[in-house]
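heads up, no residue letters with this:
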């Protein structure tokens, strides 16, 4: 049982931890899952639904009860979500490794530059811009370390989704085991 002092402290902390307050902040926060492709429901994609069902059948084993199958489906969906989140994390690090930033640098700022490129292609003298950020180290181990360091803010945002999926998976498996 929590004491009055603990309850008061929890309430004070809750007032400070309410998330985004401005409309801009709320808008950004509402687009986080969409940004990473994690906002779609399990039934949005037919192939994903089939994969969830196959995995759920493996998790449930020989059990045929509707409740156990539902828990198995929840565990399967969470497992696929975890795999997707991990693929996204790897892709973010790889993108940072190559470009030094998440957005690929724009090669040309204007249509006239596009025309010059096409003319240069015709002449055979093309010099394409280097896609790598000049501030990124050239040696591979240092470059990878710098890519991970630069990707950390985005990776930490994905951590919330990963933790949520792990909790759902663990609860579902515990419910199946009983």
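Nice, I can see it. Quantities reported herein were computed from a predicted structural model and do not represent experimental measurements.

which element is residue 47 on?
For residue 47, the host element (DSSP states H and E) is helix 46-60.

distance from that helix to the middle of the chain?
21 Å (CA atoms, centre = their mean, to the nearest Å).

got the buried residues for it?
48, 51, 52, 55, 56, 59, 60 (16 or more other CB atoms under 10 Å). C-beta coordinates here come from the backbone N, C-alpha and C atoms, glycine included.

ok, residue 172 touching residue 74?
Yes: taking CB atoms under 8 Å as the definition, residue 172 is a contact partner of residue 74 at 4.2 Å.

list residues touching both of the two?
Counting by CB atoms under 8 Å, 6 or more residues apart in numbering, residue 172 and residue 74 have no common neighbour.

tell me, what's the model's pLDDT at residue 66?
As predicted, residue 66 sits at a pLDDT of 91.

er, residue 8 actually
89.

and it, what does it touch?
Neighbours of residue 8 in contact, by CB under 8 Å, 6+ apart: none.

could you say which helix or strand holds residue 26?
Here residue 26 is assigned to helix 23-30, by DSSP H and E.

nearest residue to residue 79 other than its sequence neighbours?
residue 169 (5.7 Å; CB to CB, 6 or more residues apart in numbering).

does the one you found count as helix, strand or coil?
Three-state call for residue 169 (DSSP: H, G, I helix; E, B strand; the rest coil): helix.

mind listing what's buried along stretch 140-150?
Those would be 143, 146, 147, 150, for stretch 140-150 by 16+ other CB under 10 Å.

mind listing what the second one touches?
When contacts are counted by CB under 8 Å, 6+ apart, residue 146 is found next to 136, 137.

and the helix or strand containing it, average pLDDT?
Following DSSP H and E, one finds residue 146 within helix 140-177. The average pLDDT within helix 140-177 is 90.

what angle do it and helix 46-60 make?
Using axes from the mean of the first three to the mean of the last three CA atoms, to 10 degrees, one finds that helix 140-177 and helix 46-60 are set 60 degrees apart in direction.

check the offset of helix 140-177 from the chain's centre.
That offset, for helix 140-177, works out to 8 Å (CA atoms, centre = their mean).

also stretch 64-73?
That offset, for stretch 64-73, works out to 28 Å (CA atoms, centre = their mean).

which parts of that stretch are buried?
Here stretch 64-73 shows 68, 69, 71, 72, 73 as buried, counting by 16+ other CB under 10 Å.

and which of those residues is nearest to residue 89?
residue 73 (24.7 Å; CB to CB).

gap between that closest one and residue 66?
10 Å (CB to CB, to the nearest Å).
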